[in-house]
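Chemist: curious how this folds, go ahead:
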Amino acid sequence: MIPKVFTEIIDLGDGRTISLETGKLAKQAHGSVVVQSGKCMLLCTVVSNYEQKDLDFLPLTVDYREKFAAAGRYPGGFFKREARPSDGEVLTMRLVDRVLRPLFPKDYHSETQVMIQLMSHDDDVMPDAMAGLAASAAIQLSDFPFECAISEARVGRVNGEFVINPTRAQLAESDIDMMIGASADSVMMVEGEMDEISEEEMTEAIKFAHEAIKVQCAAQLRLAEAFGKKEVREYPEERSDEDLAKKVYDMAYDKVYAIAKAGSSKHERSAAFSEIKEEIKATFSEEELADFGGLVSKYYRAAEKAAIRDLTLNEGLRLDGRKTDEIRPIWCEVDYLPSVHGSAIFTRGETQALATVTLGTSRDANKIDMPSHEGEENFYLHYNFPPFCTGEARPIRGTSRREVGHGNLAQRALKGMIPADCPYTVRVVSEVLESNGSSSMATVCSGTMALMDAGVQMTKPVSGIAMGLISDGDSGKYAVLSDILGDEDHLGDMDFKVTGTADGITACQMDIKVKGLSYEILVNALNQARNGRLHILEKITDTIATPNADVKEHAPTMVTRRIPNEFIGALIGPGGKVIQEMQKETETTIVINEDPITEEGIVEILGVGKKGIDAVMAKIDSLLFKPEVGKVYEVKVIKMLDFGAVVEYMDAPGNEVLLHVSELAWERTENVSDVVNMGDVFDVKYFGVDSRTRKEKVSRKAILPKPEGFVERPPRENKGRDNRGRDNRRDDRKPRRD
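Modeler: All right, here's what the predicted structure looks like:
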């Protein structure tokens, strides 16, 4: 039976479209859709179990995978099967999850899975820009309780013009790469990197993307209506007790307000809040707590949140006693670790990050091998968030999605300031040692200082700050919070991280939790963030103002040399013998790459100390040595022969030439040893390739004065004889046999 297929088309302008199709594939899923643009096709399926779990959160899993078959490729490695998700796939999962999760009801606790798969790849279409659209469209076709349709779109700016979902080629020329997630009414998520743009330019880019998202949301609703929108499923409502909620609120609010107003450290404050909670619980019997103890905890958290928010809105004070625009105390230190190539500590309040820098060759580049993108990163950053940094003990099971996301944000913040002619592959590792508010921004700051400490010639230093927002929709009051604490992150209406130089924004990440946030508030928040960034930047430059002029003594120096392609084989040697011996003898690392544009070999020489690098450079000079006709060179005798001496050019060891016995001296020389001996050093003149012998010719006698009265013997006449003594005159030749 031929399935009935429903399709909606979204016009992106400039001849590009996105189609939404349902009814053909994966019909047992609770919702499925195929999203296509060009030859790029994503299949998204959504399933949510009907049983509610006994949890206080939504067990939502967003999974995005790219199939190698989609690009006509095999997975790399020994096992020819897709394995764990790449960092690129994880980042796409996070982008979609952050927009979807807030739109499910808070009391919905069914196991829910969103699976997005790249089924067909197109080099001109970046699939991650359509993943959010695919997820929302599939949910609209399901019976899930979900607030409204959303979508995500990438915005770039090429030659001053904004572009929706640019190609990878366009993105390479763009000064903005931002992903925006939004509903038709509200912007909910922003993440991206920029080339030092202003706050106003960033806001304009968000507005532009939001207009395109409105069109995409409308298309989803039309598709759902044509398909037949399902009735929203019923699920057991969470237990509630309004009288109990009021009782707990009355007991907790004033006490929490007083402790919050007093201003204290994280541990002191946590202990005081826990004591209030235990006092409230103590007013109930064991039987009551067994019956509704979970509700008591839930209502206490609500009262605590309300008190802290009211303190900030009413009095402009925060949990640690700061004003809304005040930055916590900062101290910094560079060159802390003696053996690494560069290091720095950045501490802001109760958040601390220790960054290290390692310098390497192109062989150390981070390889990207995805169906949708292959390439290398010569600058990359890894972020580690161990449990002790928050005073917790828990198992470490690989790199978390959060660590991948925060590391990517810091990498995007810094990479634009690494000069294009930096010869090194640069790896930054951030170890978060304490965390109470934006360790990713601490990573940006410590990374900046570590790079400058390592002697990487950053164009400009970069700083970052995490901001928050508390608003009251009824009264219109709001407070923008600079340098937020961990607790303020959870109780606020928006948290956003902004990084940049003194001249503009380089990266951002925003999660907006309140509907209908006005662009006026957004601009005010961004301007307050700029003041905070500049304050932090001043602390950084007070510690290290400019990059060190050179790398550290124990760090490797990189020298790059270009050679013609025809010399690469000689430098490598048979089976790599020459280059391997050279690396061993000079204690250097030598990497050779070919430049397809200039048809040259790029030789990277990495070594600690000048001696080894100089030795490699001398070998390359020797390999490339071409003597000039008529020029005088210093040579050394390295072999004695009956008919001459083999000499080596002193400026190019390894380059040898025969000095014939007839070119040793003006006088007739019977024995070579009468004139020169092994190890003798003298000058010779180069005459190029002899037309008769077809060998290079050098002469010692040519630069010596002729002896007085010396008469040079005239060259012997040929007299019609060839080299073998045969008569070569035509009229004496015998007729040739046929």
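Chemist: need the contact list for Thr543.
Modeler: Residues in contact with Thr543 (CB atoms under 8 Å, 6 or more residues apart in numbering) are 332-334, 344, 449. Heads up, the C-betas are built off the backbone N, CA and C, glycines and all.
Chemist: can we see that at 6 Å?
Modeler: Thr543 makes contact with Cys332 under the criterion CB atoms under 6 Å, 6 or more residues apart in numbering.
Chemist: the stretch 101-250 of the chain: helices as residue ranges?
Modeler: With helices called from DSSP state H, counting those that start in this stretch, the stretch 101-250 of the chain shows them at 131-140, 168-173, 199-227, 242-262.
Chemist: flag the shaky bits of this structure, pLDDT-wise.
Modeler: Along the chain, segments meeting pLDDT under 70 span 710-738.
Chemist: that one: helices as residue ranges?
Modeler: Under the criterion DSSP state H, helices of the chain are mapped to 87-100, 131-140, 168-173, 199-227, 242-262, 266-282, 286-315, 401-415, 439-453, 486-491, 519-543, 568-572, 577-586, 610-624.
Chemist: my guess is Ile330 meets Arg348, correct?
Modeler: Yes: with contact defined as CB atoms under 6 Å, Ile330 and Arg348 form a contacting pair (4.9 Å).
Chemist: which of these two has more neighbours?
Modeler: Per other CB atoms under 10 Å, whichever of Ile330 and Arg348 has more neighbours is Arg348, with 27 against 20.
Chemist: please report how far Thr390 lies from Gly192.
Modeler: Thr390 sits 28 Å away from Gly192, going by CB to CB, to the nearest Å.
Chemist: ok, those two, which is more surrounded?
Modeler: Neighbours per residue (other CB under 10 Å) separate Thr390 from Gly192, with Gly192 holding more: 24 against 16.
Chemist: is that one in a bridge, and if so with what?
Modeler: Met178, Cys508 (DSSP bridges).
Chemist: got a list of what it touches?
Modeler: Residues counted as contacts of Gly192 (CB under 6 Å, 6+ apart) are 177-179.
Chemist: ok, Pro59 next?
Modeler: Contact partners of Pro59, counting by CB under 6 Å, 6+ apart, are 53, 111.
Chemist: how close does it get to Ser86?
Modeler: Noted for Pro59: a distance of 24 Å to Ser86, by CB to CB.
Chemist: which residues does Asn436 contact?
Modeler: Shown in contact with Asn436 (CB under 6 Å, 6+ apart): 266, 350-351, 485-486.
Chemist: distance to Gln220 and neighbour count added to the residues you listed, as CSV?
Modeler: Putting these into CSV (distance: CB to CB, whole Å; neighbours: other CB atoms under 10 Å) gives the following:
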residue, distance to Gln220, neighbour count
Lys266, 43, 20
Glu350, 43, 18
Thr351, 40, 26
Leu485, 38, 25
Gly486, 35, 17
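Chemist: what sits against Ala224?
Modeler: 140-141.
Chemist: how far away is it from Glu152?
Modeler: Separation of Ala224 from Glu152 (CB to CB): 18 Å.
Chemist: before we move on, what about Gln583?
Modeler: Taking CB to CB, one finds Gln583 at 48 Å from Glu152.
Chemist: those two: which has the busier surroundings?
Modeler: Between Gln583 and Glu152, counting by other CB under 10 Å, Glu152 is the more crowded of the two (29 against 18).
Chemist: find the nearest non-adjacent residue to that one, please.
Modeler: Gly132 (3.0 Å; CB to CB, 6 or more residues apart in numbering).
Chemist: show me the contacts for that neighbour.
Modeler: 96, 99, 151-152, 181.
Chemist: highest neighbour count among the residues you listed?
Modeler: Ser151 (31 neighbours).
Chemist: name the nearest residue to that residue, ignoring sequence neighbours.
Modeler: Using CB to CB, 6+ apart and skipping residues adjacent in sequence, the residue nearest Ser151 is Gln216, 3.9 Å away.
Chemist: could you report the neighbour count for that neighbour?
Modeler: Neighbours of Gln216 (other CB under 10 Å): 27.
Chemist: could you measure from Val444 over to Arg98?
Modeler: For Val444 relative to Arg98 (CB to CB), the value is 20 Å.
Chemist: what about the two, which has more around it?
Modeler: The residue with more neighbours, out of Val444 and Arg98, is Val444; 33 against 20, by other CB under 10 Å.
Chemist: against Lys631, how distant is the residue nearest to the more buried one when sequence neighbours are not counted?
Modeler: Take Val444 and drop its neighbours on the chain: the residue closest to it by CB to CB, 6+ apart is Gly464, 3.8 Å away. Distance of Gly464 to Lys631, computed by CB to CB: 59 Å.
Chemist: compare those two (neighbour count), which wins?
Modeler: Per other CB under 10 Å, whichever of Gly464 and Lys631 has more neighbours is Gly464, with 30 against 9.
Chemist: contacts only, for that one.
Modeler: Contacts of Gly464 by CB under 6 Å, 6+ apart are 413, 441, 444, 499.
Chemist: go ahead and confirm the second one touches Ser463.
Modeler: It stands for Met441. No: with contact defined as CB under 6 Å, Met441 does not reach Ser463; the gap is 8.0 Å.
Chemist: more crowded one of these two?
Modeler: Using other CB under 10 Å, the more surrounded residue of Met441 and Ser463 is Met441, with 31 against 26.
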